[in-house]
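Trainee: Let's see this in three dimensions:
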Amino acid sequence: MRYSGASIGAQFASVAAGAPAPLIATALLADYDSSTPIALYVIAAALLTVVAVAAAQETRHRDLADVEPSADAGRRAADTSAAGTRVV
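Mentor: Just a heads-up that it's a prediction; the model follows:
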């Protein structure tokens, strides 16, 4: 489950940040006629990534059996178990 969440996050991030990047780079090059603003844009994106990684909590040594499910997850499991399906 951990890898699924990480994968979904990575895929959404690549679309959200990667798709407009060439358009932003082209606009910066057209406005400033220099590659320096593009480099600054890439540096800003890298710094944002570093901040996000630093803010994330490490879960490597955490036992999933000790994790308390959220109230919403329990409610969804009860709703779907009555219908005969299983929430993974």
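
Trainee: Kindly state the pLDDT recorded for residue 85?
Mentor: In this model, residue 85 is scored at 53, pLDDT.

Trainee: Please report how far residue 44 lies from residue 62.
Mentor: From residue 44 across to residue 62, the span is 32 Å (Cβ to Cβ, to the nearest Å). For every residue, glycine as well, the C-beta is placed using N, CA and C.

Trainee: Tell me the secondary structure at residue 62.
Mentor: Under DSSP: H, G, I helix; E, B strand; the rest coil, residue 62 falls in the coil class.

Trainee: What backbone torsions are found at it?
Mentor: For residue 62, the backbone dihedrals (degrees, to the nearest 10) come out as phi -90, psi 130.

Trainee: Against residue 53, how distant is it?
Mentor: From residue 62 over to residue 53 the distance is 17 Å, taken as Cβ to Cβ.

Trainee: So between these two, which is more surrounded?
Mentor: residue 62 (11 against 8; other Cβ atoms under 10 Å).

Trainee: Tell me which residues touch the more buried one, please.
Mentor: Contacts for residue 62 (Cβ atoms under 8 Å, 6 or more residues apart in numbering) come out as none.

Trainee: got a list of contacts for the top helix by length along the chain?
Mentor: The longest helix of the chain (DSSP state H) is helix 36-55. Contacts to helix 36-55, defined as Cβ under 8 Å, 6+ apart, come from residues 17, 21, 24, 25, 28, 29, 31.
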